[in-house]
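Colleague: sequence below, structure please.
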Amino acid sequence: RYDPVTGVTTTYMEPAGSALGLHVDKNNDLIIAQGANGGGQAIMRHNFVTGATTIITNSYQGKRYVAPNDVTSDAQGRLYFTDARYEGNEPWELPNAVYRIDLDGKVTQISTDIFRPNGIEVSPDGKRLYVAAANAERLIRNPVGPAKDKFGITNGGVVAYDLAENGNISNGRVIYRHE
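Modeller: Below you'll find the model as predicted:
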């Protein structure tokens, strides 16, 4: 935690389980994407008031996530997260993917189009889901897939999907490419 008034930085949560993406949701809870390399490979919820930290999800269809990387939410409170590894030696059970967590806790894999999805955000009007790609060749490959990027992104870029009211995505298109 950084205090801009005093300039002092202190540890807020330890251990943090290889916390990568952080997002404060509409309930004012901290949502944590825990990666691999000794992390929880999970999406966690940390309640600022009680200090309680709970697992929202750590698997999909009985298989461990690759390494949840970034997380966001929409106005209804659904969570969206990217799952792709950049380091660590944990076994690979799932492809690099984008997931949605509904209000009832149901997890849906909504995309495996991007070779290595990274950052994620919902547009302010809630009509688009933006997903960054970090597809550099020097990074480790997921043997479970995807084998290639559907959009032809070979280095970095951003894909915009139309986001339906029910949380489904469609019409993915590249809006930024860095080669």
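Colleague: so where is this protein shaky, pLDDT-wise?
Modeller: Scanning the chain for pLDDT under 70 picks out no residues.
Colleague: which residues in it form helices?
Modeller: With DSSP state H as the criterion, the chain has no helices.
Colleague: quick one, longest strand in it?
Modeller: If you go by DSSP state E, the chain has its longest strand at strand 169-178.
Colleague: just the buried residues of it, please?
Modeller: Buried residues in strand 169-178, counting neighbours by 16 or more other Cβ atoms under 10 Å, are found at 169, 172. All C-beta atoms are positioned from the backbone trio N, CA, C, and that covers glycine.
Colleague: begin at 32, not 1, for the rest of this chat.
Modeller: I'll keep to 32 as the first residue from here, and by that count the last item is strand 200-209.
Colleague: alpha carbons of it, as CSV, please.
Modeller: Taking Å, rounded to 0.1, in the frame of the first residue of the first chain, the C-alpha atoms of strand 200-209 are listed here in CSV:
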residue,chain,number,x,y,z
ILE,A,200,-18.9,-11.9,-26.7
SER,A,201,-18.9,-11.8,-30.6
ASN,A,202,-17.4,-10.0,-33.5
GLY,A,203,-13.8,-10.0,-32.3
ARG,A,204,-11.5,-7.6,-34.2
VAL,A,205,-8.0,-6.1,-33.9
ILE,A,206,-8.1,-2.5,-32.9
TYR,A,207,-4.4,-2.1,-32.2
ARG,A,208,-1.4,-4.1,-33.4
HIS,A,209,2.2,-3.8,-32.3
